[in-house]
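S.K.: just coords:
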């Protein structure tokens, strides 16, 4: 198995950027989801309720500042784009706490499961896509660990999917059948909630090994 794709989402609920390599640590991919869109009540707004956010692209510049469709996240231009997508009272905030993640800091998908899914893998919003995986083998991975290059990643459980999967990542056209298929074919769960026990820089093509037992538990304890 190998690292087939790496994705970062510098702004939560927006389109992400594909990378050739990145540092991962206890809080997942470096620079991932540190910029949030908030509503007038101070709560995070996501594309579950405001799908037009998916039409904006989050990137990280050479200065390590997040950008929204080319504009620095805290600029008036970025705010105008966000308010057009999420409402006139929306605000943008920078936040580094672990609460910015819906479940765990890292989402891992596999090429075999994406093929079985039968739709664009970007709908699943993975951080890492592992290639060379047969069929739905990922479903037996919870409780085990992955060695990805020099990093070690623990697999907690399968990710329950939501309405975000129903939106085409390019056109934003909605197809409710996608989520219904996930429920029918995969029990509503696809891809893996993961945590990092040993950080490192990972690259496209890095070898990925699955292991379990005492070695995995020792990695989690450390």
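M.R.: Structure's in. What do you need? Because the structure is predicted, anything quoted here is derived from the model rather than measured.
S.K.: Just give the nearest non-adjacent residue to residue 169, would you?
M.R.: Using Cβ to Cβ, 6 or more residues apart in numbering and skipping residues adjacent in sequence, the residue nearest residue 169 is residue 122, 4.3 Å away. Where you see a C-beta, it was placed from the backbone N, CA and C, and this is true even at glycine.
S.K.: next one: residue 19
M.R.: Closest residue in space to residue 19, ignoring its immediate chain neighbours: residue 6 at 4.4 Å, by Cβ to Cβ, 6+ apart.
S.K.: Give me the neighbour count for the one you found.
M.R.: Look at residue 6: counted by other Cβ atoms under 10 Å, it has 23 neighbours.
S.K.: Am I right that it sits in a strand?
M.R.: Yes. The assignment for residue 6 by DSSP: H, G, I helix; E, B strand; the rest coil puts it in a strand.
S.K.: one step back: how close does the residue nearest to residue 169 get to residue 168?
M.R.: Distance, residue 122 to residue 168, using Cβ to Cβ, to the nearest Å: 9 Å.
S.K.: re earlier: the residue nearest to residue 19: what's it in contact with?
M.R.: Contacts for residue 6 were tallied using Cβ atoms under 8 Å, 6 or more residues apart in numbering; they are 18, 19, 20, 21, 22, 29, 127, 128, 129, 202, 203, 204.
S.K.: List just the nearest of these to residue 55.
M.R.: Among the contacts of residue 6, residue 18 lies closest to residue 55 (Cβ to Cβ), at 17.2 Å.
S.K.: For that closest one, give me its contacts.
M.R.: By Cβ under 8 Å, 6+ apart, the contact list for residue 18 reads 5, 6, 7.
S.K.: Tell me the gap between the helix or strand it falls within and the middle of its chain.
M.R.: Using DSSP states H and E, residue 18 maps to strand 17-19. With Cα atoms, centre = their mean, to the nearest Å as the basis, strand 17-19 stands 11 Å off its chain's centre.
S.K.: what mean pLDDT does it have?
M.R.: Strand 17-19 shows an average pLDDT of 98 in the prediction.
S.K.: quick one: which of the contacts of residue 6 is nearest residue 184?
M.R.: residue 129 (23.1 Å).
S.K.: ok so the closest one is a helix residue?
M.R.: No. Residue 129 is assigned strand when assessed by three-state DSSP, not a helix.
S.K.: Cheers, nothing more for now.
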